[in-house]
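J.: Can you look at this prediction? I've put the sequence above it.
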Amino acid sequence: MKRIVYINIVAIVTLLMGLQSCNERESYMDGPTVLDIVEEVTINSKSAEVDHLSGAINISLAGGTDLSSVVFEASVPEGVSVTPESGSNIDLNNPVQVVVSNGASERTYTIYATLLPSKVAFLGDGATIAECADDDVKAAAQWTEATYGSDFVYISYDDLSDEALDGVNVIVYVYDNVGTSDQPAALLDKLNVLSKFYVQGGKIVAGLLGTGLVEELGRDNSGLRNIIGTGEGGDNPDTWGVGFTGSDVSNIISAGLDFYAPNMAYVIDAGYKEDHNALWNLGSITTSPYNTFNSRYNAEPIAAWDWAVADQGYAGIIVWNPFDRFEGYIITIGIGGMEWSMNDGHINVYQSNVHKIYQNSIDYLLAK
């Protein structure tokens, strides 16, 4: 009896070893497959989502993109071919098939393209732009309309609704005030509309005292936005500038500026200044403030006052990436020197830098 048990055990062990060897041989002989051989796909330099299981490649492109001629690029291992060839121009008005082959087998993927909403909306307190109370808000709205033309829509606080935001990709909200930095009551009455837009993936550029919107929406609970200026302002002989960190995102937002030094650009010259800063004080973060803030909140500080950016003690422009329940993006621009209208009537010789920072911010979010 004992001998039979011994023999059975040996037989079982031998069988298991044989199966393992068989599996190892099969795995070895199978070799590499093309199931997930496409490493990366970009369309017009934007990364696409590759679903290897379903064979779908999904890409969302900025509204207004000419789908009849977009640049297709694919990254695959050496020895693998892809058709159409990487670098080709393709027509994505209809789904396009992509075939990859390793010489022994091939896999077909299908590219599906969608266009993002194209509208840029400006939120203001007046029934029309001309009726906006603050000169900086009015000037910012006029510039946004002139810059985005047929894609521009003006929405008053009172008219803000889900329907009004239909087709809107990016909201521009510039708010300025004297005496208090509290957000306008008429806007807060519609906070549920903005919250829905933002949580579901909408994007917002918030400027000057409008940076407080990121707190009202619940996205920023750091308590560090405490450098606030709401005074009348006055004459100042200095030239003020913005300093950028040099990160990839900061290079996008600062592209095309008239720099006076690497990553440093003036934004306002001598004359009357309102000085309405609305910045984050990172002095309580003792180790790598910018990186630490980003790791905590998935929000990247990319700029501050030019003289302060190297010390990372302050954050004047922050890119708030999707985080937790918030699927959208916000860029807050709280540097007080970035005014839109000079109270003393003079022409700010650096106004184009202010415009370019806002335009780069809007365009960056339009493509997201």
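T.: Done, it's in.
J.: okay, CA-based contacts and neighbour counts for the rest of this
T.: Will do.
J.: Pull out the buried residues from stretch 76-84.
T.: Val76, Ser81, Val82, Pro84 (16 or more other Cα atoms under 10 Å).
J.: can you list contacts of that stretch?
T.: Ile37, Val38, Glu39, Glu40, Ala74, Val98, Val99, Val100, Ser101, Asn102, Gly103 (Cα atoms under 8 Å, 6 or more residues apart in numbering).
J.: What separation is there between the third one and Val100?
T.: Between Glu39 and Val100 the distance is 11 Å, computed by Cα to Cα, to the nearest Å.
J.: quick one: which of the two has more around it?
T.: Each of Glu39 and Val100 has its neighbours counted (other Cα atoms under 10 Å); Val100 has more, 22 against 10.
J.: residues in contact with the more buried one?
T.: Listed by Cα under 8 Å, 6+ apart, the contact partners of Val100 are Val34, Ile37, Val38, Val80, Ser81, Val82, Thr83, Glu106, Arg107, Thr108.
J.: do Gln97 as well
T.: Gln97 is in contact with Thr108, Tyr109, Thr110, Ile111, counting by Cα under 8 Å, 6+ apart.
J.: mind listing the helices for this structure?
T.: Under the criterion DSSP state H, the chain contains helices at 2-30, 135-148, 185-188, 191-199, 213-216, 248-253, 289-297, 351-366.
J.: mean pLDDT lowest for which of the ones you listed?
T.: Mean pLDDT is lowest for helix 2-30 among the helices of the chain, at a mean of 39.
J.: ok so, going back, is it possible to get the contacts of Val100 out as a markdown table so that each row also shows pLDDT and distance to Gln200?
T.: Formatted as a markdown table, the contacts of Val100 follow (pLDDT from 0 to 100; distance: Cα to Cα, whole Å):
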| residue | pLDDT | distance to Gln200 |
| --- | --- | --- |
| Val34 | 54 | 35 |
| Ile37 | 82 | 32 |
| Val38 | 90 | 30 |
| Val80 | 92 | 39 |
| Ser81 | 92 | 38 |
| Val82 | 95 | 35 |
| Thr83 | 96 | 35 |
| Glu106 | 90 | 38 |
| Arg107 | 91 | 34 |
| Thr108 | 94 | 32 |
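J.: For Ser161, state which of these is nearest.
T.: Distance to Ser161 across the contacts of Val100 (Cα to Cα) is lowest for Val38, with 42.4 Å.
J.: Would you mind measuring from the closest one to Leu224?
T.: Taken as Cα to Cα, the span from Val38 to Leu224 is 43 Å.
J.: what residues are up against the closest residue to Ser195 other than its chain neighbours?
T.: Nearest non-adjacent residue to Ser195, counting by Cα to Cα, 6 or more residues apart in numbering: Leu217, 6.0 Å away. The neighbours of Leu217, taking Cα under 8 Å, 6+ apart as the test, are Leu191, Leu194, Ser195.
J.: Leu217 and Val199, how far apart?
T.: Counting by Cα to Cα, the gap from Leu217 to Val199 is 9 Å.
J.: Over to Gly231?
T.: Distance from Gly231 to Val199, by Cα to Cα: 33 Å.
J.: Chain neighbours aside, what residue packs nearest to Asn291?
T.: Asn291 sits nearest to Glu300 (Cα to Cα, 6+ apart), 7.5 Å away.
J.: Could you do Ser181 as well?
T.: Of all residues not flanking Ser181 in the chain, Leu209 sits nearest, at 6.0 Å (Cα to Cα, 6+ apart).
J.: you'd agree that neighbour is up against Val178?
T.: No - with contacts counted by Cα atoms under 8 Å, Leu209 stays clear of Val178, the gap being 10.0 Å.
J.: With neighbour numbers in mind, choose between these two.
T.: Set side by side, Leu209 and Val178 show more neighbours around Leu209, with 29 against 14, by other Cα under 10 Å.
J.: And the strands in the stretch 201-350 of the chain?
T.: Taking DSSP state E, counting those that start in this stretch as the criterion, the stretch 201-350 of the chain carries its strands at 203-208, 227-228, 234-236, 240-244, 259-261, 264-268, 271-273, 278-281, 299-305, 314-315, 317-320, 329-333.
J.: The first one: how far from the chain's middle?
T.: If I follow you right, that is strand 203-208. Centroid separation between strand 203-208 and its chain, computed with Cα atoms, centre = their mean, to the nearest Å, is 12 Å.
J.: That strand pairs with which strands, parallel or anti?
T.: strand 168-175 (parallel), strand 329-333 (parallel) (DSSP bridges).
J.: swap in the fourth one?
T.: Counting by DSSP bridges, the strands paired with strand 240-244 are strand 264-268 (antiparallel), strand 299-305 (antiparallel).
J.: Export the ones you listed as CSV, with columns for distance to Leu282 and mean pLDDT.
T.: Shown next, in CSV, are these (distance: least, Cα to Cα, whole Å; pLDDT from 0 to 100):
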stretch, distance to Leu282, mean pLDDT
strand 264-268, 20, 98
strand 299-305, 10, 98
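J.: Please name the nearest non-neighbouring residue to Tyr260.
T.: Tyr260 sits nearest to Tyr266 (Cα to Cα, 6+ apart), 7.2 Å away.
J.: follow-up on the earlier one: contact partners for the residue nearest to Asn291?
T.: Counting by Cα under 8 Å, 6+ apart, Glu300 touches Tyr290, Asn291, Phe293, Asn294, Ile318, Val319, Trp320, Asn321.
J.: Tell me if I'm right that the fourth one and Ser288 touch.
T.: Read that as Asn294. No - contact criterion Cα under 8 Å: Asn294 and Ser288 do not qualify, at 10.0 Å.
J.: more neighbours, those two?
T.: Between Asn294 and Ser288, counting by other Cα under 10 Å, Asn294 is the more crowded of the two (17 against 13).
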